[in-house]
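Undergrad: I would like to see how this sequence folds:
(one chain, ligands or ions: 1)
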Amino acid sequence: MGSARAPLGIAQDPPLAPGLYLVATPIGNLEDMTLRGLRVLRSVDRIACEDTRQTQKLLNHFGIATPTVSYHLHNEGPRAEELLEQLKQGARIAVVSDAGTPGIADPGHELVTAAIAEGITVYPIPGANAAVNAIIASGLSTESFTFHGFLPAKEGQRRTSLEELARDEATHVFYEAPHRILDTLEDVAAIFGVAQPVVIAREMTKLHEEFLRGPVSEVHAQLAARAVVRGEMVLLFSPVQKERASEARSIGEEVAALMRTEGISEKDALKRVARERGMGKSEAYRELQRARGR
Ligand code: SAM
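TA: Modelled structure (predicted):
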């Protein structure tokens with residue numbers, strides 16, 4: 001009689017090598033949990049979590065019973081030492097944050113450097129990350145980008161950080177809290193001009209996912225018009241010189257100039273302007289119509 005077949009991905013999991021596993025978890029949509037991430041979470045000896053209650057929901061959803069231990073900003077030092085001792089004795093330990101990739105604006109880095117110093121193998125287990133997903137869908141240059149994490153909460157320090165940004169073609173990427181986004185956009189407008197194009201990636205992978213693209217003044221106006229600004233968000237922009245930004249032409253002027261100088265149709269000109277501004281075609285068309293209606 002043939003042996004009973006084990007349920008897919010449970011008894012067949014090969015043993016995991018000792019080491020530290022940095023496991024990415026979803027940033028909203030549970031379908032973004034990878035098969036490898038699940039196997040690792042199932043097979044390690046312990047999971048070090050930013051918030052054990054948060055991670056327990058994920059583990060329950062996927063039927064994983066691995067013991068958890070808390071590992072957050074406030075106990076990162078002492079807990080790292082404890083975990084390191086276990087790793088030195090050959091343990092397999094996973095680190096997860098509440099959402100996304102551990103170590104990116106989340107705990108993880110201290111344990112990684114300590115593990116490397118002790119010769120312990122560190123395995124990245126890739127998956128969701130808000131910054132990378134915002135960049136790839138922003139329409140801004142992906143050739144070169146700089147991730148800054150969160151801007152300082154205090155206005156003076158925030159302005160200084162913005163003023164110090166390199167004014168090259170690079171795309172700058174920031175995590176931002178919903179209660180600070182309007183102030184931050186005002187700072188961006190003050191430093192780079194009201195026409196500075198920006199992108200906000202909000203609630204990615206969730207039901208209300210949206211991308212707001214356009215001059216900072218318009219994106220600010222769109223958000224300010226809402227009763228309440230909610231959700232997780234990433235702010236992206238590639239700074240233009242203030243002079244250039246404030247003197248920037250309207251979509252209508254740019255379209256007319258392209259038709260005149262390049263002899264192309266309005267449709268093609270609009271397509272090009274939309275691409276250059278990182279906007280959708282229909283969004284650019286609406287803006288053109290709005291400008292004409294004024
Ligand atoms: N480690 C995480 C990662 O890999 O993206 C980021 C952790 S950081 C504490 C949380 C911030 O990431 C949020 O304030 C927001 O700026 C951004 N973020 C996380 N999930 C997001 C989502 N679904 N949509 C947009 N931004 C998100």
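
Undergrad: could you pull out the buried residues of stretch 44-60?
TA: 44, 46, 47, 48, 49, 50, 52, 55, 58, 59 (16 or more other C-beta atoms under 10 Å). Heads up, the C-betas are built off the backbone N, CA and C, glycines and all.

Undergrad: try stretch 58-73
TA: Those would be 58, 59, 64, 66, 68, 71, 72, for stretch 58-73 by 16+ other C-beta under 10 Å.

Undergrad: now render these as JSON lines, adding distance to residue 108, secondary structure and pLDDT.
TA: Output for the buried residues of stretch 58-73, formatted as JSON lines (distance: C-beta to C-beta, whole Å; DSSP: H, G, I helix; E, B strand; the rest coil; pLDDT from 0 to 100):
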{"residue": "58", "distance to residue 108": "16", "secondary structure": "helix", "pLDDT": "98"}
{"residue": "59", "distance to residue 108": "18", "secondary structure": "helix", "pLDDT": "98"}
{"residue": "64", "distance to residue 108": "19", "secondary structure": "coil", "pLDDT": "98"}
{"residue": "66", "distance to residue 108": "18", "secondary structure": "coil", "pLDDT": "98"}
{"residue": "68", "distance to residue 108": "15", "secondary structure": "strand", "pLDDT": "98"}
{"residue": "71", "distance to residue 108": "8", "secondary structure": "coil", "pLDDT": "93"}
{"residue": "72", "distance to residue 108": "10", "secondary structure": "coil", "pLDDT": "86"}
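
Undergrad: what does the stretch 151-294 of the chain have sitting close to the ligand?
TA: 175, 176, 177, 201, 202, 203, 204, 205, 206, 232, 233, 234 (C-beta under 6 Å from any ligand atom).

Undergrad: thought residue 235 was touching the second one, still the case?
TA: In other words, residue 176. Yes. The pair residue 176 / residue 235 is scored as a contact, 4.9 Å apart, by C-beta atoms under 8 Å.

Undergrad: now the chain against the ligand: closest residue?
TA: Here the residue of the chain nearest the ligand is residue 100; by C-beta to the nearest ligand atom that distance is 2.5 Å.

Undergrad: dihedrals phi and psi, that residue?
TA: Main-chain torsions, residue 100, degrees, to the nearest 10: phi 90, psi -150.

Undergrad: how about it: what's its closest non-neighbour residue?
TA: residue 27 (4.8 Å; C-beta to C-beta, 6 or more residues apart in numbering).

Undergrad: give me the phi and psi for the one you found.
TA: Per degrees, to the nearest 10, the backbone of residue 27 is at phi -100, psi 20.

Undergrad: ok, how many other residues are close to it?
TA: Look at residue 27: counted by other C-beta atoms under 10 Å, it has 20 neighbours.

Undergrad: what sits against it?
TA: Contacts for residue 27 (C-beta atoms under 8 Å, 6 or more residues apart in numbering) come out as 99, 100, 128, 129, 130, 133, 204, 205, 232.

Undergrad: check what pLDDT it gets.
TA: Residue 27 is assigned a predicted lDDT (pLDDT) of 98.

Undergrad: for residue 49, same thing?
TA: Looking at residue 49, the pLDDT reads 96.

Undergrad: pretty sure it contacts residue 71?
TA: Yes. Using C-beta under 8 Å, residue 49 is in contact with residue 71, at 6.3 Å.

Undergrad: buried residues in stretch 152-161?
TA: For stretch 152-161, by 16+ other C-beta under 10 Å, it's 158, 159.

Undergrad: alpha carbons only: can I get that stretch in PDB?
TA: What follows is stretch 152-161, C-alpha atoms only, in PDB (Å, rounded to 0.1, in the frame of the first residue of the first chain):
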ATOM      1  CA  PRO A 152      11.400  64.700  10.800                       C
ATOM      2  CA  ALA A 153       8.100  65.500  12.500                       C
ATOM      3  CA  LYS A 154       9.200  69.000  13.500                       C
ATOM      4  CA  GLU A 155       8.600  71.600  10.800                       C
ATOM      5  CA  GLY A 156      12.100  73.300  11.000                       C
ATOM      6  CA  GLN A 157      14.000  70.000  10.700                       C
ATOM      7  CA  ARG A 158      11.700  68.800   8.000                       C
ATOM      8  CA  ARG A 159      12.300  71.900   5.900                       C
ATOM      9  CA  THR A 160      16.100  71.500   6.400                       C
ATOM     10  CA  SER A 161      15.900  67.900   5.300                       C
END
